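Chemist: sequence-free structure coming up:
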């Protein structure tokens, strides 16, 4: 369990810069709204709250989770976005759990696709500028992952911060 948790936190940090990419310049791009900054608490709530809602709506086994701030550029500088990764044990039919998670997100007002100005690899949903993806966890066979990416509107200095365990909030 501890090894899985450390793995989850490490993956969240390592893949932090790989989850989403800006599809253009910041001029007129809603992906970079640093002039309308989010506080650390707002950026965290943007992704942690929906993760908690999904986990409460869908029965998932062996749930763990981590929150981190990820830079929205390759320099590790502001703006930052809140990011959550929720890992869970997959049942014999993984497709069914992915469908239940997607259905729970849709019931909570999420829609298929990306917000304007964003690109993500894989199937995604969005709501209020936040993006969610769900699928297998490549680093941990037998586990799936729900990942949430907030808006790039936090201007704090988070480059050296690590991931924070949010498993207790998810159970």
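Modeler: Here it is on my side, so go on. Treat the numbers as computed from the prediction; the structure is a model and nothing was measured. Residues are numbered from 1 along each chain as shown.

Chemist: Span of stretch 80-100 from start to end?
Modeler: From the first residue to the last, stretch 80-100 extends over 30 Å; the measure is CA to CA, to the nearest Å.

Chemist: And the average pLDDT for it is what?
Modeler: The predicted model gives stretch 80-100 an average pLDDT of 96.

Chemist: Identify each buried residue in it, please.
Modeler: The neighbour-count criterion (16 or more other CB atoms under 10 Å) identifies 80-90, 97-98, 100 as the buried residues of stretch 80-100. Yep, even glycine has a C-beta here, placed from its N, CA and C like the rest.

Chemist: okay, the residues you listed in TSV with distance to residue 127 next?
Modeler: Supplementary listing: these in TSV, determined by distance: CB to CB, whole Å:
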residue	distance to residue 127
80	20
81	15
82	14
83	16
84	14
85	18
86	16
87	22
88	21
89	26
90	25
97	20
98	18
100	18
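
Chemist: Just the ones in strands from the residues you listed, please.
Modeler: In this view, those that belong to strands under DSSP state E are 80, 81, 82, 83, 84, 85, 86, 87, 88, 89.

Chemist: Not counting its neighbours along the chain, what's nearest the fourth one?
Modeler: Beyond its immediate neighbours in the sequence, the residue positioned closest to residue 83 (CB to CB, 6 or more residues apart in numbering) is residue 70, lying 4.7 Å away.

Chemist: Bridging across strands, which residues link to the one you found?
Modeler: Beta bridges link residue 70 to residue 81, judged by DSSP bridges.

Chemist: Go ahead and confirm it touches residue 79.
Modeler: No - with contacts defined as CB atoms under 8 Å, residue 70 does not count as touching residue 79, sitting 10.1 Å away.

Chemist: Is residue 65 in a helix, a strand, or coil?
Modeler: Of the three states, residue 65 takes strand according to DSSP: H, G, I helix; E, B strand; the rest coil.

Chemist: Tell me if I am right that residue 49 is in a strand.
Modeler: No - the assignment for residue 49, made by three-state DSSP, is helix rather than a strand.

Chemist: how much space between it and residue 144?
Modeler: Residue 49 is 20 Å from residue 144, where distance means CB to CB, to the nearest Å.

Chemist: And for residue 82?
Modeler: In this view, residue 82 and residue 144 are 21 Å apart by CB to CB.

Chemist: and what of residue 109?
Modeler: Taking CB to CB, one finds residue 109 at 22 Å from residue 144.
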